[in-house]
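> Sequence first, predicted model second:
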Amino acid sequence: MTMTENITLPTNTAQPDRAAEVQCTGIIKSFADGTVALRKVDLHCPSGAITVLLGPSGCGKTTLLRCIAGLETPTEGDIRLGDRDITQSDPRRRGVAMVFQNYGLYPNKTAFGNIEYPLRRARVPKDERRERVARVAELLRITHLLDRKPVQLSGGQKQRVGIGRALVREPAVLVMDEPLSSLDAELRVSMRNELRALQRKLGTTMVYVTHDQTEALGLADQLVVLRDGRIEQSGNPEEVFAYPASTFVAGFLGAMNLLDAQPLGLPPGTIGIRPEDLVPGHSAGALTLTGPVIDTDLTGTERIVHFRCGQQTVRMRVRAGDLVPTDITVHAPADRIHRFDLEGNRIGVRR
Ligand code: ATP
């Protein structure tokens, strides 16, 4: 059962509000041991939108999120929430609430006590606390669980309590660090849809960290790909997917085939072709790839076929029931070929 069944969708009632946009400028973060996690990051998170930070382990996603939430202080640069400079402000007073990967619940408190806690710390009067917890619990459909301790809750329920504890503060910005990664695959998908519905309903500015490309593409209004402490590319997810700015983004998002161009009779550099864009057979004038099949992976309705093309391995997708020959010949329509220079930067169409 998912929450989306109960929420009228989509009801983005919030107007774009400058007070809830986040602007990070020139953020550098180095730690005491000399590790530089962020190397001059400029990031704009529009009000009322979901910005997803995507990238491999260690690229600086969590550090950037923690800087926005106030759990880390940037070594250089500043962070603004609307017109306010919040770089140095108290995490509890900056209008940003964080949801953690491991829920971060107090084991001795009930769900009610966990959600209520930030309001107690802020000395909100008791009646108002009860009212606000009740409202958030209803929104998250956990009213019936409020008396339970975390140990009596499932992973998905714990995560709802964690989200409730963040929402009860009525933050301008909600930041989430891989909040669904501890859940099983099916629950992840339904929780992802719920989160998006909830965000649309509340109009809260959201910054969401993941290293899961499917989650990123499914959630993002703005997708930001990080690499080694820098922003490699940002834009709407369709654009980033269609026009990856570098071989790094192309390989990370959608697992594109990245092939050395020269052995294929093309100018030096790299060409990228998505496995689903390869078409069986020759076609006059099109780039043709041919060679023996070396492996296949069944993914469910599809099968990924790996074949050798000279010294390189190419992946293509076929339907699961299709007969896989021992040798493959495919071509890549010209408009499906992405070209990158020797540094790995996109050549040609770039949005
Ligand atoms: P993951 O997906 O694995 O969580 P991430 O992209 O969120 O990775 P960060 O946690 O932001 O990456 O870490 C970025 C870099 O900073 C890594 O090299 C990490 O080891 C380092 N780092 C993070 N926190 C500290 C710290 N407190 N002291 C020293 N180095 C740190």
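Cool, got the structure. These numbers were taken from a predicted model, which means no experiment stands behind them. Numbers count the residues shown, from 1 in each chain.
> Return the backbone torsion pair for the residue in the stretch 201-350 of the chain that the ligand sits nearest to.
Residue nearest to the ligand within the stretch 201-350 of the chain: residue 211 (4.9 Å; C-beta to the nearest ligand atom). C-betas here are computed from N, CA, C, even on glycine. Note on residue 211: backbone dihedrals following degrees, to the nearest 10 are phi -110, psi 10.
> which bits of the stretch 51-200 of the chain sit near the ligand?
Contact residues (C-beta under 6 Å from any ligand atom) of the stretch 51-200 of the chain with the ligand: 55, 57, 58, 59, 60, 61, 62, 63.
> what number of residues lie near the first one?
Translated: residue 55. By the criterion of other C-beta atoms under 10 Å, residue 55 has 25 neighbours.
> Could you look up the SS state of residue 115?
Three-state call for residue 115 (DSSP: H, G, I helix; E, B strand; the rest coil): helix.
> Excluding covalently adjacent residues, which one is nearest to residue 330?
Beyond its immediate neighbours in the sequence, the residue positioned closest to residue 330 (C-beta to C-beta, 6 or more residues apart in numbering) is residue 278, lying 4.2 Å away.
> So the one you found versus residue 247, what's the distance?
For residue 278, the distance to residue 247 under the criterion C-beta to C-beta, to the nearest Å works out to 18 Å.
> Any buried residues in the longest helix along the chain, and which?
Across the chain, the longest stretch assigned as helix under DSSP state H is helix 185-202. Neighbour-count burial for helix 185-202, counted by 16 or more other C-beta atoms under 10 Å, picks out 187-202.
> Which elements pack onto it?
Packing partners of helix 185-202 (3 or more C-beta pairs under 8 Å, 6 or more residues apart in numbering; DSSP states H and E): helix 155-167, helix 213-219.
> returning to that earlier point: correct me, but the residue of the stretch 201-350 of the chain closest to the ligand touches residue 62?
No: Residue 211 lies out of contact with residue 62 (C-beta atoms under 8 Å); the separation is 10.2 Å.
> ok so, going back, mind checking which of the residues of the stretch 51-200 of the chain next to the ligand land in helices?
When DSSP H is applied, those are split such that 61, 62, 63 fall in helices.
> Ranking helices and strands of this protein by mean pLDDT, which lands last?
The helix or strand of the chain with the poorest confidence is helix 185-202; it has a mean of 86 (mean pLDDT, DSSP states H and E).
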